[in-house]
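1. predicted model and sequence follow; I will ask about them next.
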Amino acid sequence: MQLHKFRLVIEPKAAQLSARNGTAEDYKSIEEAIHKMSETVDSAKVFVEADANFHRLILLATYNKFFSAMDGIIFTSLLSSIRLANRDERQNKASLSLHQDVANSIFAKKPEEAEQRMFHLLSDAKVRPTAEV
């Protein structure tokens, strides 16, 4: 629960900053993470790693030293959190779509939309019964 509340504060703003500050190279890395998620939608373990990497890459694309400093801690925490929230591979397709929405807003350089979509993505994770971490 504490991690989720922390993520609701940090990650929408990270998505906003990534849309403002990210580079083409950052966006390519984020797109590769989405592609990896798409390829592994039927494998909970690999999907979770790609999912956590997606969120990590957004933090790094903010080019804010405080967001970047949280990279390792958040990545490790996300691996544990997402493993609990994504036990059912059938949920991965819906999750993938929400991640793609966030990425599309970032790539389109629409900061406010990216922020809203990240909030929506995280809110979706919250309603899953096993997401209470």
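-> Yes, it's here. Numbers count the residues shown, from 1 in each chain.
2. center of this protein - which residue?
-> Central residue of the chain (Cα atoms, centre = their mean): residue 55, 3.3 Å from the mean position.
3. so it touches residue 11, yeah?
-> Yes: if you go by Cβ atoms under 8 Å, residue 55 and residue 11 touch, sitting 6.6 Å apart. Using the backbone N, CA and C atoms, a C-beta is placed for each residue, glycine as well.
4. I'd like the next helix or strand past the helix or strand of the chain with the lowest mean pLDDT.
-> Ranking every helix and strand in the chain by mean pLDDT, DSSP states H and E puts helix 71-85 at the bottom, with a mean of 74. Of the helices and strands lying after helix 71-85 in sequence (DSSP states H and E), the nearest is helix 92-107.
5. mind giving me the packing neighbours of that following helix?
-> Helices and strands touching helix 92-107, by 3 or more Cβ pairs under 8 Å, 6 or more residues apart in numbering; DSSP states H and E, are helix 2-21, helix 24-39, helix 44-60, helix 111-127.
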